[in-house]
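A.B. asks: Okay, sequence plus prediction incoming.
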Amino acid sequence: MLFGSSFFSHLSERLFTRIRDRRAACVIGLAALVLLVSGLASASGDQAVVDAVYAKYGDRMPVINAQGDARGELAVYKAPADAPRIDCRELTGPRGMVALVFGQSNASNTVDPGYGATQAVYAYQAGVCRKVRDAIAGATGSKGSAWARLGDRIVTSGLYDTVLYVDIARGGSSILNWGPKGNLHALLESTVKDMRAHGLAPTHVFFHQGEADCALGLTRQEYQAVLKTVLSDTRRLVGPKPGIFVSRASLFLDPVCGNTRNPGCYKSCPAITAAQTAVIDPERGIYPGPNTDLIVPWFDRNDGYHFTAQAADHFAAAWMPLLAGGEAAGQPLQ
């Protein structure tokens, strides 16, 4: 039995230390168990919400053909037939951006046409890389793309020497289409596999979508739960390095009203943009994209929905500080 000064003897100190260490180990183990259980409960809760969302909205999910939009429309490359093809492997390396793009129509080819990239900005489809001019093959829409403008800015700024886009955006698509029970989920998977088969690894992922789900009426919790699964699956596919950038977007023209010149006919959903903001987590390599509800107002939409050339310029400019911030926050040049 230990008394008085003997309590502080080397033997008693070692005994006390062992007891303290065991208690600490138990506390740490218990904390880890609590975190594990809470994490599992959170994941289980998210899955329950996702299942409920598909049960609630599944019959209203937009009908989107993975090979095109509702009309089967995929972009056609408009450059001369003899335009040179670039060896895609030349566009990779430490100074090359390879950006996977997916989402809704404003991420595809719906901008007023007439813009060709002046810098080393290219688009990829089925193993072929060509200079970007107006519509980017692989995405829907037959007009122009805002990404050409962004690519020019990226190269001109010196952030990267070349930019290569792999754009699979589908006009009218909902987050449900890209989610685990949607038909575009397989398109996302097969695109990344095809890229890797041709020696291309994404350095960035740009996601721009939300208008369809504003129209469907998804709540913040519903949209956020499905978006989280989309981002988790994207991370699994592209690996840990690429930065994933999530735009905030929900503004659309209410077809019931339909007057493109009446600002009262436009609707936005703060719940959707709040959900898109909530998933931003730089520690996990998920960064904010522009908020197009704010930077592309109703009067800068060429048909009530899609960006004018001026709006596309604003969109491209808004990306630049966000991309630079993402690089500084842990996205070194690949």
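C.D. replies: Thanks, I have it.
A.B. asks: Now for R248, how many residues are close by?
C.D. replies: Neighbour count for R248, taken as other CB atoms under 10 Å: 23. All C-beta atoms are positioned from the backbone trio N, CA, C, and that covers glycine.
A.B. asks: sec struct for the closest residue to I286 other than its chain neighbours, please.
C.D. replies: Nearest residue to I286, sequence neighbours excluded (CB to CB, 6 or more residues apart in numbering): I244, at 4.9 Å. With DSSP: H, G, I helix; E, B strand; the rest coil as the basis, the three-state label of I244 is strand.
A.B. asks: A120 touches D152, doesn't it?
C.D. replies: No - between A120 and D152 there is no contact under CB atoms under 8 Å: 9.3 Å.
A.B. asks: in this protein, which residue is closest to the centre?
C.D. replies: Most central in the chain under CA atoms, centre = their mean is F207, positioned 2.7 Å from the mean C-alpha point.
A.B. asks: what about the strands in this structure?
C.D. replies: 96-103, 121-125, 128-131, 162-167, 204-208, 243-248, 252-253, 266-267, 286-291 (DSSP state E).
A.B. asks: Now tabulate those in a markdown table and tack on distance to A186 and mean pLDDT.
C.D. replies: What follows is the strands of the chain, written out as a markdown table (distance: least, CB to CB, whole Å; pLDDT from 0 to 100):
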| stretch | distance to A186 | mean pLDDT |
| --- | --- | --- |
| strand 96-103 | 12 | 97 |
| strand 121-125 | 17 | 92 |
| strand 128-131 | 22 | 90 |
| strand 162-167 | 16 | 97 |
| strand 204-208 | 17 | 98 |
| strand 243-248 | 19 | 98 |
| strand 252-253 | 26 | 92 |
| strand 266-267 | 31 | 94 |
| strand 286-291 | 23 | 97 |
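A.B. asks: quick one: which of the ones you listed is nearest A317?
C.D. replies: Evaluated over those, closeness to A317 peaks at strand 286-291, with 9.0 Å, by CB to CB.
A.B. asks: That closest one vs strand 96-103, what angle?
C.D. replies: Strand 286-291 runs at 70 degrees relative to strand 96-103, counting by axes from the mean of the first three to the mean of the last three CA atoms, to 10 degrees.
A.B. asks: ok, and for strand 286-291, which residues are buried?
C.D. replies: For strand 286-291, burial by neighbour count (16 or more other CB atoms under 10 Å) applies to I286, Y287, P288, G289, P290, N291.
A.B. asks: And for stretch 239-257?
C.D. replies: Neighbour-count burial for stretch 239-257 [16+ other CB under 10 Å]: P242, G243, I244, F245, V246, S247, R248, A249, S250, L251, F252, L253.
A.B. asks: The spatially closest residue to T156 that is not a sequence neighbour: neighbouring residues, count only.
C.D. replies: Of all residues not flanking T156 in the chain, Q119 sits nearest, at 6.1 Å (CB to CB, 6+ apart). If you count neighbours by other CB under 10 Å, Q119 ends up with 18.
A.B. asks: residue contacts, Q119?
C.D. replies: Taking CB atoms under 8 Å, 6 or more residues apart in numbering, we find Q119 in contact with G151, D152, V155, T156, V163.
A.B. asks: Do you have the helices of this structure handy? List them.
C.D. replies: Ranges of helices in the chain, per DSSP state H, are 10-57, 146-157, 175-178, 185-197, 211-216, 220-238, 270-278, 292-295, 309-328.
A.B. asks: Thanks a lot, see you next time.
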